[in-house]
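Enquirer: coordinates only, no sequence provided:
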């Protein structure tokens, strides 16, 4: 008889310490040995993980009121501006925001050693952060400027809210051009000098739930070393199946997640400010999602291996920036992880930008939380759009009124 | 086993001496083992070279280089990895020209073999989390 389990049944087992939990890496050999049916019967949860730079990240902050009060019009935290076009002492600090005086790429390639992601990291590390704000002053908010020092524990709320994290899949970036380019995919040497990829592959959350059967609004996750939730689909959520020009399938891509959680209970080693030479500043986010094994189909999905997952090879020397569609073919994550791939008949060394060893660690931590009975699963309030919804990616065209 | 002194040095030489077999003399006359870690030799402009030399006559060899008009700077700088900061992302590994930074398989952890490091410092620039540091 085919296995069918409910969230409630799995949570009962978690609470009583009887749940069987594997990571998405460990489950591969179990399925190879016992088969999908037996694995689905015996395993309750499979944990995933990813640890990579995720630019669409940031934090909502509420500082509490000064005396007299101020309705902050412009605000800087360690000289990095945060958006204040909301209520008086609320702000949103984005991961890629730069200090006002950053030379950016005027001194090409710029270093971008500090930005919004680093401020978030400093807050998490409980370092003091300088707050400066100005305002036009009102009858109810008379103060026109403020300069003080805050720490994460001094302020009311710090809610990490990342509009787009955990890309289902990502490009393998190469450079066909004649000069080195500096991109968010790292430094790419000319003439196919190197190939950079950025996915945890077989450990990656959305590659283990390709059809969004379990991950949805309200799913409780590992976020930045603490607990978070899936808030919505991410921006640019275009789940689909990759196909080459002849129609051959190369597996899932395109899904994204928007996630939320209380920054105060996260850890600085799982949310790390990052700098990409010549590109900018960002935040490296550690994220892991538990997948309940409700049935055999879900077990089949989580048993996917790097041999069966593919990244499209994209030229960042020219094609990416010019929005030229298409790619240079697909390459499996098994090949990418081997350290060498073949592109256009050439042998090209590969390097990851997303830490597979940290992804494995996250899946392991999440597994231990569940085994200890500290982390129950949540049934999504609503599932997210999947490939069958065929969401088209819109483009921004230049036109007048 | 006898300990052999070893030195990493940075050489700069003008185009006037770029065509002389200086490195060969270093090996033949001073019995030094020479490992060329980096070389940029162009007969039309100043050349640079990073060498690791090993042998009992290291100092005599250096004196010879200086007598030939080569500017010799000891490579006192060392690239160091801050293990607490490194996230094993891998961004440095395909860029590191000497293979000192590499991904260990199957752990997929980034390892740093400082013996192979030629102190080009590219990793210091590209490391997203500033984990690579130069020490003097």
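Expert: Nice, I can see it. On a predicted model such as this, the values are computed, not experimentally measured, just so you know.

Enquirer: residue A:261: helix or strand, and which one exactly?
Expert: When secondary structure is defined by DSSP states H and E, residue A:261 falls within strand A:257-262.

Enquirer: correction: the previous question concerned residue A:31.
Expert: With the criterion set as DSSP H and E, the secondary-structure element containing residue A:31 is helix A:26-34.

Enquirer: could you do residue A:8 as well?
Expert: Going by DSSP H and E, residue A:8 is part of helix A:7-15.

Enquirer: what's the burial count for the closest residue to residue A:238 other than its chain neighbours?
Expert: By the measure of CB to CB, 6 or more residues apart in numbering or on different chains, the closest residue to residue A:238 outside its immediate chain neighbours is residue A:254, 4.2 Å from it. The way it works is simple: take the backbone N, C-alpha and C, and place the C-beta from them, glycine included. By the measure other CB atoms under 10 Å in any protein chain shown, the count of residues near residue A:254 is 19.

Enquirer: where exactly do the strands run in chain B?
Expert: For chain B, applying DSSP state E gives strands covering B:6-13, B:33-40, B:47-54, B:71-74, B:78-81, B:101-104, B:109-112, B:132-135.

Enquirer: just how off-centre is the helix holding residue A:31 within its chain?
Expert: 27 Å (CA atoms, centre = their mean, to the nearest Å).

Enquirer: elements contacting that helix?
Expert: For helix A:26-34, the helices and strands in contact under the criterion 3 or more CB pairs under 8 Å, 6 or more residues apart in numbering or on different chains; DSSP states H and E are helix A:36-42, helix A:296-302.

Enquirer: what's in contact with the last one?
Expert: Residues outside helix A:296-302 that contact it (CB atoms under 8 Å, 6 or more residues apart in numbering or on different chains): A:2-3, A:24, A:27, A:31, A:36-37, A:39-40, A:43, A:46, A:48, A:208-211, A:213-214, A:291-293.

Enquirer: can you list the residues of chain A near chain B?
Expert: Within chain A, the residues that sit near chain B (CB under 8 Å from any CB of the partner chain) are A:51-53, A:109, A:111, A:113, A:186-187, A:189, A:194-196, A:272-277, A:282, A:284, A:337-339, A:349-358, A:360.

Enquirer: apply 7 Å and report the result again.
Expert: A:51, A:53, A:113, A:186-187, A:194, A:196, A:272, A:274-277, A:284, A:337, A:339, A:349-358 (CB under 7 Å from any CB of the partner chain).

Enquirer: ok, of these, which come out buried?
Expert: Using 16 or more other CB atoms under 10 Å in any protein chain shown as the burial test, those include A:51, A:53, A:186-187, A:194, A:196, A:272, A:274-277, A:284, A:337, A:349-358 as buried.

Enquirer: what mean pLDDT does the helix holding residue A:8 have?
Expert: Over the span of helix A:7-15, the pLDDT mean works out to 98.

Enquirer: could you give the number of residues near the nearest residue to residue A:34 once chain neighbours are set aside?
Expert: Nearest residue to residue A:34 in three dimensions, chain neighbours excluded: residue A:42, at 7.5 Å (CB to CB, 6+ apart). Other residues near residue A:42 come to 14 when the count uses other CB under 10 Å.

Enquirer: wait, residue A:42 sits on residue A:20?
Expert: Yes. In terms of CB atoms under 7 Å, residue A:42 counts as a neighbour of residue A:20; the distance is 5.9 Å.

Enquirer: okay, buried residues for the helix holding residue A:31 please.
Expert: Buried positions in helix A:26-34, judged by neighbour count with 16+ other CB under 10 Å: A:26, A:27, A:28, A:30, A:31.

Enquirer: list of residues touching the helix or strand harbouring residue A:187?
Expert: Under DSSP H and E, the secondary-structure element containing residue A:187 is strand A:186-188. Surrounding strand A:186-188, the residues in contact under the criterion CB atoms under 7 Å, 6 or more residues apart in numbering or on different chains are A:173-175, A:180-181, A:194, A:196, A:276-277, A:316-317, A:353, B:91, B:95, B:126.

Enquirer: nearest to residue A:80, of these?
Expert: For these, the minimum distance to residue A:80 (CB to CB) is 16.4 Å, reached by residue A:276.

Enquirer: ok, now how distant is residue B:48 from residue B:80?
Expert: Residue B:48 sits 23 Å away from residue B:80, going by CB to CB, to the nearest Å.

Enquirer: and residue A:269, how many neighbours does it have?
Expert: Burial measure for residue A:269: 18 neighbouring residues, criterion other CB under 10 Å.

Enquirer: domain parsing for chain A?
Expert: Domains of chain A are assigned by automatic domain parsing as A:7-54+A:166-375, A:61-160.

Enquirer: so what's the nearest residue to residue A:239 once chain neighbours are set aside up against?
Expert: Leaving out its chain neighbours, the residue that sits closest to residue A:239 by CB to CB, 6+ apart is residue A:255, at 3.9 Å. The neighbourhood of residue A:255, defined by CB under 7 Å, 6+ apart, consists of A:168, A:206, A:212, A:237, A:239.

Enquirer: quick check, residue A:221 in contact with residue A:285.
Expert: No. Proximity of residue A:221 to residue A:285 does not meet the contact threshold set by CB under 7 Å, at 11.0 Å.

Enquirer: which one's more surrounded, the two?
Expert: residue A:285 (29 against 26).

Enquirer: any idea how chain B splits into domains?
Expert: Each structural domain of chain B that the record assigns through automatic domain parsing is listed here as a residue range: B:6-74, B:78-135.

Enquirer: straight-line length of the first one, end to end?
Expert: Yep, that's domain B:6-74 we're talking about. The first and last residues of domain B:6-74 sit 11 Å apart, counting by CA to CA, to the nearest Å.

Enquirer: related to what we said a few turns ago, would you turn the helices and strands packed on helix A:26-34 into JSON lines with mean pLDDT?
Expert: Rendered in JSON lines, the data for these read as follows (pLDDT from 0 to 100):
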{"stretch": "helix A:36-42", "mean pLDDT": "97"}
{"stretch": "helix A:296-302", "mean pLDDT": "98"}
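
Enquirer: now for those, which one comes closest to residue A:366?
Expert: Each of the helices and strands packed on helix A:26-34 was scored for nearness to residue A:366 using CB to CB, and the closest is helix A:296-302 (13.4 Å).

Enquirer: following the chain onward from the closest one, which element is next?
Expert: Toward the C-terminus, helix A:296-302 is succeeded by strand A:310-315 as the next helix or strand (DSSP H and E).

Enquirer: pairing partners for the strand holding residue A:187, with directions?
Expert: In the sheet containing strand A:186-188, its partner strands are strand A:181-183 (antiparallel), by DSSP bridges.

Enquirer: what lies in contact with the strand it pairs with?
Expert: Strand A:181-183 is contacted by residues A:109, A:173, A:175, A:188, A:277, A:278, A:279, A:316, A:317 when judged by CB under 7 Å, 6+ apart.

Enquirer: try it again with 10 Å
Expert: Counting by CB atoms under 10 Å, 6 or more residues apart in numbering or on different chains, the neighbours of strand A:181-183 from elsewhere in the structure are A:105, A:108-110, A:173, A:175, A:187-190, A:196, A:276-280, A:315-318, A:320-321, B:125-126.
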